[in-house]
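Chemist: Okay, structure incoming, though there's no sequence with it:
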């Protein structure tokens, strides 16, 4: 059933930020909040009204809706547990990436629409980081596509065979790169600190500084779904297709929880990078992705070495 | 035989280093010098035989070994004078002698090595021991020059090793890689030309730090400036011969193949650039030892051009390198004496040397005539043969450019040396208090006399040896 | 198995481009030593047992432990912390290391030579090129020695690529080069650090005409 994947992703998305918050307070030694706390926050936001600044135009009001819509649409492509997503066609991974980019684009121009200097700065940085991380995503997915010969998510993940010891390299580095891409795209540490309240050092938070009420709730939900999407990709890398369905679903949730826990740990222990070191940190991801690509070229025997 | 020599050298130098007594050092140095003469005579008698499995006494090696033996005697003598005049601790003196003995042993190994990898190992060893010697005076400039020399030389020699590895790629037959020269010469025809070209480029770049050719010549110049004068004399002659032998061995392999033309063009470019660099930079120099170091650069450029021309050029190159060794070393020995009187190497500090030390002044004058290749110096003969070969080979334009550049060199040399000998200076050294020993200059007269003798009326043995050395190239 | 190690070696080169602390340099060098040990262990099964054991011990002892330990001592003696801003920002260094890796992989794809193990040739060439770039870009002599060691690792890989029967001579050569070179270089760094109280190369520009 293809509707299964949507349900699973949404369910995981709901719990994801709760686990991160619980992990962070566990490490610090505070009393843990409930796992549904972020959900309660969003429901509270939905009940409130929105205030719009007089310098904004229709773009500002449109952006959260487009953001949510694009992320939701991208979610429809992901296969889970050997079941295909709701939509699938050839080369849909390119479509996926650019749908996400479309949503981000609207957020960026909405941020610039407010006319505030801070948000322009944040939008600037956000655009740069997305641009630098895009090669990493495409090259990782591309090496997988080269390895299996398919280009749509469903075909890709159902036919990948990680059995020879060399292809472990692709699996491991793919997961490694995807985790870091998830961190960059969702604006977590060490690229961006979601707790900072100094506008000069914000990247993503400053773009959503002026939203309130329903729009803000929508943006929060969207970021959870984005997180869940990336973790779904990771679990697709890790789980073989031929396991029984119930077992795969259980492992899926387990992987989501583990990734959320790891994010929480990382956020508690790491400081944010110096801002001018961020571009080189992100470029390093692309570099590792390119090395993986070279490894795939060797496996796929496009490069013949004796 | 050579094995015994090397073990003896290691033992002697360890003894000198560990037991810090002057008397023992002197005795052991004499023993070493005697053994060195013994080895060179033995090698001359057993030419073209194989010794200790990886060495062979070929003609070029014997020639350079004789030069080394003669210069070692002079260097040891002048080192003793130098160490006595400047007060060094006994520890520093023993380090000096120990490193010098190991350096000579490593150079002997490099001259005679038949296996290219072993030759490379010896050349690397010489780099290490030379750095110990260069840093002897412990001044800031000495540390700086020594560091640069050690580092860039190591990187260069590592690149040369890469070149040798590429050679061994094409030298592998039946899975067995044999890097001895015999083997490489026989299978030279079958080697892939691209690998050969890259290997040759890497070897030239790597060994140019030792030989003093463009591109890595700068560290050699710096090193010769700050080393103690007897060491400068030694390394700017015999060590450059080591670099030359490294490039020469690979060149003989290339000479059997069709890459020869291309290799000669590369050498021609390197030679011309060396001479040009030397001429341009000499115009600014005000420091005597640096001036002599650049002049070595220029002579090595001429040697490279000699290799590039071919035919008579080969003969001229070998002659040039042998005569240059003798002439340049006498210059350095004499400037050491000048320094002991005036305590400085800068042009502005030294003057009226002829009055102070007529014997030394005359030696300097004679050496000036030798090094700038005026007759009756042997260098005149070798450069004449070289220019003739260039005109005959169709390189007339290049010959004219080189002659113009050499004119610049002679001009600068003359200007500064004559200001040293006759010029006015406001140096405040009270020269009447210096005790001079005119017998010190005998070594330089002997060396310069050798240059004249071997150039004008060479004994048959010498010409035979040179012809044998280049026989493989024809 | 050796393909995995080669890819790991390439990743270590990328980390060299990214790293900015001297202690990290030493750690990555040690990692490279272990990777080379693994490479030798898994691929050199055609040579005599004495040579094999010799190369193995040399790699694990000298490259992976002795030299990083010695470099660490030098680093502590001179109290070196971070690399001051190199001439070219790290951002472009990453691009250059990737370009050199890509170029050497492409080049070895086009080489046809039965004697050459091209799988080692790739990272060897990239290592040498990157080592030279490293020396040129960094401004202090400790980094220069690290660059020299990267070049040496590359040359070691070259000798693996070339020889199916590795002559003892070649290996002695590399061993002598590395040990003697690094020992003497390390002593020199200490001397320079003591005399000049800094390891930047702008202090080493006194020698002029």
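Modeler: It's in. Keep in mind that what you see is a predicted model, and the values were worked out from it rather than measured.

Chemist: how much space is there between residue A:252 and chain B?
Modeler: As judged by C-beta to the nearest C-beta, to the nearest Å, residue A:252 and chain B stand 52 Å apart. Glycine gets a C-beta too; all of them are placed from N, C-alpha and C.

Chemist: which one is residue 97 nearest to, not counting chain neighbours?
Modeler: Because you didn't say which chain, this covers chain A. In space, and not counting its chain neighbours, residue A:97 is closest to residue A:137: 6.1 Å by C-beta to C-beta, 6 or more residues apart in numbering or on different chains.

Chemist: oops, chain C please
Modeler: Using C-beta to C-beta, 6+ apart, the nearest residue to residue C:97 is residue C:17, at 4.4 Å.

Chemist: Centre-most residue in chain C?
Modeler: residue C:150 (1.6 Å; C-alpha atoms, centre = their mean).

Chemist: Check for me that that residue belongs to a helix.
Modeler: Yes. Counting by DSSP: H, G, I helix; E, B strand; the rest coil, residue C:150 falls inside a helix.

Chemist: Look at it and report its pLDDT.
Modeler: Predicted confidence (pLDDT) for residue C:150: 92.

Chemist: now do the one 5 residues further on
Modeler: With respect to pLDDT, residue C:155 scores 86.

Chemist: element containing residue 111?
Modeler: Let's take chain A. helix A:92-113 (DSSP states H and E).

Chemist: Okay, buried residues for that helix please.
Modeler: A:92-93, A:95-96, A:99-100, A:102-108, A:110-113 (16 or more other C-beta atoms under 10 Å in any protein chain shown).

Chemist: Now residue C:21: phi and psi?
Modeler: phi -110, psi 140 (degrees, to the nearest 10).

Chemist: ditto for residue C:140
Modeler: phi -130, psi 160.

Chemist: Please list all residues in contact with the closest residue to it other than its chain neighbours.
Modeler: Residue nearest to residue C:140 in three dimensions, not counting chain neighbours: residue C:199, with 4.4 Å by C-beta to C-beta, 6+ apart. Residue C:199 makes contact with C:78, C:80, C:140, C:141, C:142, C:189, C:192, C:193, according to C-beta atoms under 8 Å, 6 or more residues apart in numbering or on different chains.

Chemist: now the helices for the stretch 351-474 of chain B?
Modeler: Assigned by DSSP state H, counting those that start in this stretch, the helices in the stretch 351-474 of chain B fall at B:353-356, B:358-371, B:378-392, B:396-422, B:442-456, B:460-471.

Chemist: scratch that, chain C is what I was asking about
Modeler: C:2-18, C:22-43, C:49-57, C:67-78, C:90-109, C:118-137, C:141-162, C:168-196 (DSSP state H).

Chemist: Let me see the residues that make contact with stretch B:111-122.
Modeler: Here stretch B:111-122 has contacts from B:2, B:43, B:50-51, B:54-58, B:60-61, B:64-65, B:68, B:106-107, B:109-110, B:157, B:160-161, B:164, B:167, B:179-182, B:184, B:241-242, B:245-246, B:249-250, C:167, C:169-170, C:172-173, C:176, using C-beta under 8 Å, 6+ apart.

Chemist: Narrow those residues to those in strands?
Modeler: B:50, B:51, B:55, B:56 (DSSP state E).

Chemist: element containing the residue of the stretch 1-150 of chain B found nearest chain C?
Modeler: Nearest residue of the stretch 1-150 of chain B to chain C (C-beta to the nearest C-beta) works out as residue B:117 at 4.1 Å. If you go by DSSP H and E, residue B:117 is part of helix B:116-134.

Chemist: and that helix with helix C:168-196, angle?
Modeler: 20 degrees (axes from the mean of the first three to the mean of the last three C-alpha atoms, to 10 degrees).

Chemist: which parts of helix B:116-134 are buried?
Modeler: Here helix B:116-134 shows B:116-134 as buried, counting by 16+ other C-beta under 10 Å.

Chemist: isn't residue C:36 right up against residue C:155?
Modeler: No. Counting by C-beta atoms under 8 Å, residue C:36 does not reach residue C:155; the two are 11.4 Å apart.

Chemist: In terms of pLDDT, where does residue 108 sit?
Modeler: No chain in the question, so chain A it is. 91.

Chemist: meant chain B, my bad for not saying
Modeler: 91.

Chemist: Counting neighbours, what do you get for it?
Modeler: Residues contacting residue B:108 under the criterion other C-beta atoms under 10 Å in any protein chain shown number 27.

Chemist: repeat for residue A:300
Modeler: 13.

Chemist: same thing with residue A:22?
Modeler: Neighbour tally, residue A:22, other C-beta under 10 Å: 19.

Chemist: What are the buried residues along the helix or strand where it lies?
Modeler: Here residue A:22, judged by DSSP H and E, is contained in helix A:3-28. Judged by neighbour count using 16+ other C-beta under 10 Å, the buried positions of helix A:3-28 are A:4-6, A:8-9, A:12-24.

Chemist: Give me the helices and strands touching the helix or strand following it, please.
Modeler: Downstream of helix A:3-28, the first helix or strand assigned by DSSP H and E is helix A:37-46. Judged by 3 or more C-beta pairs under 8 Å, 6 or more residues apart in numbering or on different chains; DSSP states H and E, helix A:37-46 is in contact with helix A:3-28, helix A:214-238.
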